[in-house]
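J.: requesting a structural model of the entry that follows:
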Amino acid sequence: MSVFRIAVVALATCGVALGLDARDVSCDIVVAGGSTASLAAAITAAEADASLTVCFTEITDWPGGQMTAGGVPAIDFGLNKLAANQPASFRSIMAAIPGTGADHTQTEGSGSPGACSVSTKCYRPNILVEDWIMPRLKASSNLKVFLRTAVTGTTRGADGTITALTAVQRAPKSGQIEWSQRLSEELPDWYTPADSDMFSKTVLTFHGKVFIEATELGDVLATSGLPFAQGIEVPLENSSTYENCGQAQTLTFYMELLPENAGVQPADVPAGNAAGGTWPTDYGDGPAQWEHAWSWRRAYCAGSRSLSAVNPWDVSQQNLGNDLDTAYLFPSMDAVKAEIASGWRGGVNLTAMRMLEDRAYGWYHFLVNTSHVIGPDVGSRLTLNKTVSGTAHGLSKMVYWRDTRRAVRGVTGFQLTHPPLRDTPGATGVHFNDSVALGDYNDDTHHLQMPSCQYPAYIGTGRGEGAKPYYIPFRALTVENVGNLLVAGKSMAQSFHANSNTRLHPSEWTTGVAAGGAAVLMARNGWTTAEVYDNVATLQTYLNSSAVGSPLLWADVSDGDLPVGSVCELDRCFTVDATAAKKSTSFHNGSSTCGSSAGQPDCAPLAAAEWLANVQYWTKNSSAGSDIYSIQPTVLKKSTAVSGLLPPSQVLAVGLHAPCRLVNATPFAGYWLCVHHA
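T.: So this is what the prediction gives:
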């Protein structure tokens, strides 16, 4: 019996022996939640088919992940700021945030409730939960929502499919003040089935046809006995070895400036500290830096909308200086495996989480102590707004998780890596033949400053590097060899580097929508994820229909990756994308052949064993007749157009160090012509 089966059986036995409250819950679709993606998946699945019972677990009492409990109420947009590039449900939640949505100027904040500078949608999360999220969830009678519920175990059948999830739901005991304990103190209790001083517990077993992993900590992956990734792939992005370091995480909070003589006592805030790091040295030099920290993610603007204004009753979300870059919040893989065997409690380095909390409180006091640059009495009027955070301790309910545990591979052994998202010709990333979601944000890795954490060269600086609109394929939402499990958000079958692009609010939402829509078709038709992939056109049509309303092609962007015609180059005729077409003097627009015409050469098509090899992924060699070798698993193609848009007969997958004999000494448009015999 495998580890994950032992853990589930032990939990069930313990529940009987200790007299714990336990019950079974029958569902068609089970969404294991806590993330932004999980909220989107639950809403999509429930609203798309009212005949299906959808069960949705949420580890906090505020569904929405980083949009709410995770304390990042400032939407990180790219081109998905345009309504035409948003799923219908995301358009609806964005419309619920008041304001014009206008961009900020050099001096004025954006047209959002916060008049911030980082986004056109900065808001108070408690208001969004109350006004939109909870009413939207309650509107679907077929949707069962389980707040304060942590997934603790996964049961799989003999065929590898998931048959049930075990979870612990907690309820605050009478007289207890919820959210008064630090997360580092309370998180293990959330996963423990026995009642505690703070909570009464119920052990729930969710039975379903289709399961969606969209937790913030990879709870389903970790307890299922399936392989999962944690940390950074080294030395290459497609390596199967990992270094246990990744993103610096943040625990945010909300500062408020009280008016003079407000009669309100500022909150008593723990001292905190820098948690082994340092504080900026230029905040005391003048007001500019302090004002920027205040308006950067201001959640509520109570007066002047100027980016230099610090108004009484303003509420400012803070995560500009409180990243913990001296410790990784996930313990070593050996420690994680030991926890899985002994009883899953979220798999978090609690010492590092305590440091993160201290860093947050320390940043609060740093801002108070440097606020004299704004005014001599400002520091005495600053406080923590605990209503907006929804906690008695004043910090956000959950960590702002920038990375987490991920599926290793999807169907066909697929893993989403970074190059198809950005490092491709044309105006967008690769348009896969199974694209089901849109995303757009910078390559954004917050580096840890630890001697033991060395980021591989392929990541680069990883901070704000250029972005382009990209596509997310269905295969990234699947798990290899588990036919009824979907993954969404940060748990997708993707590399650490790819997650640095896909981890932001709008992309999480679109993957949740895609997973929710796919789950409906799977539950209706009895399909596995492999069968959905075989019928991916049906899924795409469904997602794009009024039932779901998710756009699958970018609006207001030119897709330069499509085959647009053929050229006679390298003494051969082959089809090209728009970028390559501009590099040729023998372009045949809209044609797949190179017929004779005045001034145009007539050349033969590629032979069966002749292929185009992207120079980025092959060793450099300028001698015709010699071999080049692939420097990572890649593909050979019959066209310069992206592989996801080509029929299978025009794409050949090859592994590391695959040979290909050069035909020409000079490449065309970044491609060698070479001979490879499969």
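
J.: could you use CA atoms for every contact and neighbour count after this?
T.: Noted.

J.: got the residue ranges for the helices in the stretch 251-400 of the chain?
T.: 287-296, 333-342, 350-370, 378-381, 386-389 (DSSP state H, counting those that start in this stretch).

J.: to clarify, my last question referred to the stretch 101-250 of the chain.
T.: Under DSSP H, counting those that start in this stretch, the stretch 101-250 of the chain gives helices at 125-128, 134-138, 183-191, 219-223.

J.: any idea how far the second one is from the chain center?
T.: Spelled out, it's helix 134-138. Mean-position distance between helix 134-138 and its chain equals 23 Å (CA atoms, centre = their mean, to the nearest Å).

J.: ok, residues contacting that helix?
T.: By CA atoms under 8 Å, 6 or more residues apart in numbering, the surrounding residues in contact with helix 134-138 are Ile43, Leu143, Val145.

J.: with the last one instead?
T.: Residues from elsewhere that reach helix 219-223, judged by CA under 8 Å, 6+ apart: 4, 32, 151-154, 165, 213, 227-228, 340, 344, 346, 405-407.

J.: try it again with 7 Å
T.: Helix 219-223 is contacted from outside by Phe4, Val151, Thr152, Gly153, Thr154, Glu213, Phe228, Ile340, Gly346, using CA atoms under 7 Å, 6 or more residues apart in numbering.

J.: ok, now the shortest one?
T.: Contacts with helix 125-128, where a contact means CA under 7 Å, 6+ apart, come from Thr68, Pro73, Val388, Gly390.

J.: who wins for most neighbours among the contacts of helix 134-138?
T.: Ile43 (24 neighbours; other CA atoms under 10 Å).

J.: okay, and that one sits in which element?
T.: helix 36-48 (DSSP states H and E).

J.: same check, this time on Ser623
T.: Judged by DSSP H and E, Ser623 forms part of no helix or strand.

J.: quick check: closest non-adjacent residue to it.
T.: Among residues not flanking Ser623 along the chain, Ala665 sits closest, at 5.2 Å (CA to CA, 6 or more residues apart in numbering).

J.: was I right to think that neighbour contacts Lys620?
T.: No. The criterion here is CA atoms under 7 Å, and Ala665 misses it with Lys620 at 10.3 Å.

J.: do you know the pLDDT at Asp443?
T.: pLDDT for Asp443: 86.

J.: now for the helix holding Ile43, which elements pack on it?
T.: strand 29-32, strand 54-57, helix 505-525 (3 or more CA pairs under 7 Å, 6 or more residues apart in numbering; DSSP states H and E).

J.: tell me which of those lies nearest to Ala274.
T.: helix 505-525 (28.0 Å; CA to CA).

J.: for that closest one, name the packing helices and strands.
T.: Short answer (3+ CA pairs under 7 Å, 6+ apart): helix 505-525 packs on helix 36-48, strand 435-439, helix 536-544.

J.: of these, which is nearest Met333?
T.: helix 36-48 (25.1 Å).

J.: hang on, the earlier thing: next, format the helices of the stretch 101-250 of the chain as JSON lines and append distance to Ala22, mean neighbour count and mean pLDDT.
T.: Output for those, formatted as JSON lines (distance: least, CA to CA, whole Å; neighbours: other CA atoms under 10 Å; pLDDT from 0 to 100):
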{"stretch": "helix 125-128", "distance to Ala22": "31", "mean neighbour count": "20", "mean pLDDT": "98"}
{"stretch": "helix 134-138", "distance to Ala22": "24", "mean neighbour count": "14", "mean pLDDT": "98"}
{"stretch": "helix 183-191", "distance to Ala22": "14", "mean neighbour count": "19", "mean pLDDT": "98"}
{"stretch": "helix 219-223", "distance to Ala22": "19", "mean neighbour count": "26", "mean pLDDT": "98"}
